[in-house]
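In: Make a model of this:
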Amino acid sequence: DFIYGLTDDGEGVIIREYVGKSYKINIPTEIEGIPVVKVGNEKEVSFISAAEKVSELMQSKITEEEFIEWSEKSPSYKLNIPSSVKEIGFLGGFYKGGFPKLIINVKTENLTSIASYGFKDQTILGPIVISKDCKIGKFAFQNSKIENVIFQEGVNKIKKKKKIIEEYGSPWYDVENDCI
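Out: Numbering: from 1, shown residues only. Modelled structure (predicted):
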């Protein structure tokens, strides 16, 4: 149900895309005896393969507004990410309205990297725990629904990047102590 490859050193699996039919997705801790260390993509390529459904809708010549309305009513995927995963690539919705939508269960305290736009437009269950060793890309949590954020020891300050706010009209944050 997954499209995946190996890390450059061959020591870990990167799951790039889910192509299955179930709305409940459990990322395995390993594939073929190799640990899964990353989920998602480097670029804005949706983790959920929804191309078939989107193509079907577009062929029916619905308007953009109708597509957004449909995507808001569509069921959410439940994505469970195990603690073996250390990096999150782009998981966000690629299509208008953040479709497909994910409800993500992940142990963020184990993460060493969250890509730019990684959790964009998604719901994250439980607290987001940020360690001082985690690299966070810009807009990693843009438009996400988050219950709580916890900063581990060594992360003690967040500052807004004024230039980004001026250019894009939307703040993103630097977390000190190399957390970005």
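
In: which SS class is residue 11?
Out: When classified by DSSP: H, G, I helix; E, B strand; the rest coil, residue 11 comes out as coil.

In: Test my guess that it contacts residue 36.
Out: No: in this structure residue 11 lies outside contact range of residue 36 using CB atoms under 8 Å: 11.5 Å. C-beta: built from backbone N, CA, C; applies to glycine.

In: Show me which of these two is the more surrounded one.
Out: Each of residue 11 and residue 36 has its neighbours counted (other CB atoms under 10 Å); residue 36 has more, 21 against 10.

In: what is the more buried one paired to in the beta sheet?
Out: Beta bridges link residue 36 to residue 13, judged by DSSP bridges.

In: Show the pLDDT at it.
Out: Predicted confidence (pLDDT) for residue 36: 96.

In: just residue 178 next, same as before
Out: Reading off the model, residue 178 has pLDDT 37.

In: Likewise for residue 157?
Out: 55.

In: ditto for residue 46
Out: 68.

In: now the one 3 residues further on
Out: The pLDDT attached to residue 49 in the predicted structure is 66.

In: next one: residue 69
Out: 74.

In: change the start of the numbering to 454 and stick with it
Out: Shifting the count to begin at 454 puts that one at residue 522.

In: how much space between it and residue 585?
Out: Using CB to CB, to the nearest Å, one obtains 43 Å as the distance from residue 522 to residue 585.

In: do the same with residue 555
Out: 27 Å.

In: Pick out whichever of those two has more residues nearby.
Out: residue 555 (24 against 15).

In: show me the contacts for the more buried one.
Out: 500-501, 529-532, 544, 546, 575-576 (CB atoms under 8 Å, 6 or more residues apart in numbering).

In: So which of these sit within helices?
Out: Judged by DSSP state H, helices contain none of the contacts of residue 555.

In: Now, of the residues you listed, which are buried?
Out: Buried by 16 or more other CB atoms under 10 Å: 500-501, 530-532, 544, 546, 575-576, out of these.
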